[in-house]
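# Could you look at this predicted model? Sequence included:
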Amino acid sequence: MKRALFIGRFQPFHNAHLIDVKKILGECDEIIIAIGSSNEKNTGENPFSYNERRRMIANTLKKSKIRNYKIYPVPDLYDDSKWIGYIKKNLPKFDHVYSGNKWTLKCFKKHDSGIKKIKLLKGISSTIVRDKIIKNNKWEKMVPKQVADYIRKIKGVERIQRIYRKS
């Protein structure tokens, strides 16, 4: 059985992330979704808590009838070796690492093999989604419906706009 590690901050989980999960599961039997910066929340880059991001992902994957996944928190440790060590110690063993983040790929390349760069979709990223929210532009179509509904439920739009006004 092949197991993949898909690591990202998912601030928020968007349509490209869902496409990535489906592609990864086309290559592997199971996916470990590692939510990075799990210790961060209520900041411009990390407005949502680990539990909120976990809920966004779980709601979306349930609706998509995807069951062969597990979600784990991965905190920022500010030391590449300690960060990789934390992942290897606290998450199940995996065969491949998937990410679109250059820093993440570089960290794993130093310590591992089986690295697969995810092709980023032009015009969609969590940064773009947050920017659209800040500017009161249409953002809902960039995320799965379950994520948009959840963000509204937890007053995430207001939170992101409030954080932006303070910075």
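Happy to help now that I have it. Numbers count the residues shown, from 1 in each chain.
# my read is residue 31 is in a helix, agree?
No. Using DSSP: H, G, I helix; E, B strand; the rest coil, the assignment for residue 31 is strand, not a helix.
# distance of the closest residue to residue 101 other than its chain neighbours from residue 74?
Spatial nearest neighbour of residue 101, chain neighbours left out: residue 8 (6.8 Å); criterion: C-beta to C-beta, 6 or more residues apart in numbering. No exception for glycine: its C-beta is placed from N, CA and C like everyone else's. Distance of residue 8 to residue 74, given as C-beta to C-beta, to the nearest Å: 10 Å.
# residues shared between the contacts of these two?
34-36 (C-beta atoms under 8 Å, 6 or more residues apart in numbering).
# Quick one: buried ones out of the residues you listed?
Buried subset of those (neighbour count, 16 or more other C-beta atoms under 10 Å): 34-36.
# Between those, which sits nearest residue 148?
residue 35 (18.9 Å; C-beta to C-beta).
# give the contact list for that closest one.
8-10, 50, 53-54, 57, 71-74.
# Low-confidence stretches in this protein?
111-113 (pLDDT under 70).
# Apart from its chain neighbours, what residue comes closest to the most centrally placed residue in it?
The residue lying closest to the centre of the chain (C-alpha atoms, centre = their mean) is residue 10, at 2.7 Å. Spatial nearest neighbour of residue 10, excluding adjacent residues (C-beta to C-beta, 6+ apart): residue 53 at 4.9 Å.
# neighbours of residue 20, just the number please.
Per other C-beta atoms under 10 Å, the neighbour tally for residue 20 reads 22.
# And the spatially closest residue to it that is not a sequence neighbour, its phi and psi?
The shortest distance from residue 20 to any non-neighbouring residue, by C-beta to C-beta, 6+ apart, is to residue 118 (5.3 Å). As for residue 118, its main-chain torsions (degrees, to the nearest 10) stand at phi -80, psi 140.
# still on that earlier bit, I'd like to know how far the residue nearest to residue 10 sits from residue 2.
In terms of C-beta to C-beta, residue 53 sits 25 Å off from residue 2.
# Name the residue in the two with the higher neighbour count.
The residue with more neighbours, out of residue 53 and residue 2, is residue 53; 28 against 13, by other C-beta under 10 Å.
# can you tell me how far that one sits from residue 69?
14 Å.
# Tell me where this structure has helices.
Assigned by DSSP state H, the helices in the chain fall at 15-27, 50-63, 80-90, 102-111, 126-134, 145-153, 156-166.
# Including distance to residue 41, could the ones you listed go into CSV?
CSV is the format used below for the helices of the chain (distance: least, C-beta to C-beta, whole Å):
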stretch, distance to residue 41
helix 15-27, 19
helix 50-63, 7
helix 80-90, 19
helix 102-111, 20
helix 126-134, 14
helix 145-153, 14
helix 156-166, 10
